[in-house]
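*Asks:* 3D, please:
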Amino acid sequence: MTDTLSQIADALRAALPGDVAKSDIRHGQLIVHVEREALPRLVQYLRDDPGMRFEVLIDIAGVDYPDRPERFEIVYQFLSLKYNRRIRVKVTTDEDHAVPSVTGIFSSAAWYEREAWDMYGILFSGNPDLRRLLTDYGFEGHPLRKDFPLTGYVEVRYDEEQKRVIYEPVKLKQEFRSFNFLSPWEGMNNVLPGDEKAIKSREAPK
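*Replies:* Below is the predicted model:
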């Protein structure tokens with residue numbers, strides 16, 4: 001399997017010289033890093049070449065690395081039913097440079113790209129309908145960015161007097177609390193409910 005994946009990587013570099021930045025094989029899957037402007041060429045080749053036949057676009061996902069010069073990584077997952085293979089394609093960008101849309105090659109990419117725009121603010125040039133998908137049209141910011149506050153900026157509620165949904169700035173009833181994820185009780189020092197009985201029994205005089 002590894003030899004076959006290496007051959008696919010070599011074939012991509014030979015067919016698209018300069019477009020593939022690097023490639024890796026991890027956990028039995030080929031990962032190809034492609035230059036941003038070359039993405040449509042590579043995706044077209046993956047779909048149409050008789051030796052590739054990656055004709056199913058499984059997913060497009062965004063990842064945020066705020067410390068990188070190009071903070072966003074866009075990950076494309078493709079499947080070849082003919083050869084029973086998967087390939088992962090990665091491209092990077094920042095907040096200002098758009099990634100070429102692949103909706104002209106895979107129409108299903110339109111929804112995935114809208115989701116990436118909504119959640120991360122990743123721009124896709126050529127997408128005919130790049131707008132909010134999971135959040136409201138008046139939503140501020142992009143909630144899956146690492147620098148987006150956990151509480152958000154506004155809260156939504158129905159106002160009985162105005163008979164409509166209204167937006168208000170977030171007002172916390174108490175100071176933000178950080179839990180240790182081991183105990184549901186604050187100040188337990190990582191002792192779960194019921195453990196105190198075992199501790200007392202060990203400390204009791206014999």
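*Asks:* What count of nearby residues applies to R85?
*Replies:* Neighbour count of R85, defined by other C-beta atoms under 10 Å: 18. Using the backbone N, CA and C atoms, a C-beta is placed for each residue, glycine as well.
*Asks:* Enumerate every residue touching it.
*Replies:* Listed by C-beta atoms under 8 Å, 6 or more residues apart in numbering, the contact set of R85 reads 4-5, 8, 30, 54, 79.
*Asks:* most centrally placed residue in the chain?
*Replies:* The centre of the chain sits closest to G62, judged by C-alpha atoms, centre = their mean, with a distance of 3.1 Å.
*Asks:* Which other helices and strands does the longest helix along the chain contact?
*Replies:* When the chain is parsed with DSSP state H, its longest helix is helix 2-15. In terms of contacts (3 or more C-beta pairs under 8 Å, 6 or more residues apart in numbering; DSSP states H and E), helix 2-15 is packed against strand 20-26, strand 29-34, helix 39-48, strand 85-93.
*Asks:* Assign the residue nearest to the centre of the chain to helix, strand or coil.
*Replies:* Look at G62: counting by DSSP: H, G, I helix; E, B strand; the rest coil, its state is strand.
*Asks:* Please tell me how far it sits from L150.
*Replies:* 19 Å (C-beta to C-beta, to the nearest Å).
*Asks:* roughly how far is the helix or strand hosting A116 from the heart of the chain?
*Replies:* Element membership for A116 (DSSP states H and E) is helix 109-120. Averaged C-alpha coordinates place helix 109-120 at 10 Å from its chain's average position (C-alpha atoms, centre = their mean, to the nearest Å).
*Asks:* what's the answer for stretch 84-99, then?
*Replies:* 11 Å.
*Asks:* What ranges in the protein fall below the confidence cut-off?
*Replies:* For the chain, applying pLDDT under 70 flags the ranges 1-2, 172-206.
*Asks:* if we can go back for a sec, show me what counts as buried in the helix holding A116.
*Replies:* When burial is assessed from 16 or more other C-beta atoms under 10 Å, helix 109-120 yields the following buried residues: 109-110, 112-120.
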